[in-house]
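>>> need coordinates for the below:
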Amino acid sequence: MGIDAVIRFESTVDEPDLEWFHGGEVEKIADDYYDTDGGKPTHEVDLGGHRYYGKGYERGPWPTISAILLVLLMSKDVKKVWYGGDCNDWIGAVDIDWLNEMNKYYVEYGHRPYRRDR
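A predicted model of the protein is given here:
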């Protein structure tokens, strides 16, 4: 039991060719979620049950998650990217500045805060 990671994105094409970066599936979704800027996720990356990683919940495989987010953020077929956990359906838009901040956090703290709490 735990919080699983969720990555969704808004694509400019129906079937983006992004499966190579993860070896998993990219699924088209019908989601009624719109963010405050009017963005709407159209696809979700199947992360195979990877745990969420974030400040205060340092559990998931951040290097893998970060690489996937980077590919999406740099893709010409992707307009917007969201990341979060599956608890309470929380998910938020991310950009390259946020990703850089999280990468710095991971390099400094890794999984140590979680392991200390055990």
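
>>> so where's the protein uncertain?
Scanning the chain with the threshold set as pLDDT under 70 gives 17-24, 31-32, 88-89, 115-118.

>>> mind listing the helices for it?
Assigned by DSSP state H, the chain shows helices spanning 62-74, 96-109, 112-117.

>>> could you dump those to TSV with distance to Val26 and mean neighbour count?
Bear in mind the C-beta positions are built from the backbone N, C-alpha and C, glycine included. Below are these laid out as TSV (distance: least, C-beta to C-beta, whole Å; neighbours: other C-beta atoms under 10 Å):
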stretch	distance to Val26	mean neighbour count
helix 62-74	10	18
helix 96-109	19	13
helix 112-117	29	11
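
>>> now those in CSV, with distance to Thr12?
Below are those laid out as CSV (distance: least, C-beta to C-beta, whole Å):
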stretch, distance to Thr12
helix 62-74, 12
helix 96-109, 18
helix 112-117, 37
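
>>> and Lys76, how many neighbours does it have?
By the criterion of other C-beta atoms under 10 Å, Lys76 has 8 neighbours.

>>> and Ala5, by the same measure?
Neighbourhood size, Ala5 [other C-beta under 10 Å]: 25.

>>> how near is Gly85 to Tyr57?
Applying C-beta to C-beta, to the nearest Å, the value for Gly85 to Tyr57 is 7 Å.

>>> which neighbours do these two share?
By the contact definition C-beta atoms under 8 Å, 6 or more residues apart in numbering, Gly85 and Tyr57 are jointly contacted by Ile3.

>>> who's more crowded, those two?
Gly85 (20 against 15).

>>> thought that one was touching Asp4?
Yes. When contacts are counted by C-beta atoms under 8 Å, Gly85 is listed as touching Asp4 (6.8 Å).

>>> common neighbours of those two, please.
With C-beta under 8 Å, 6+ apart, Gly85 and Asp4 have common neighbours Tyr52.
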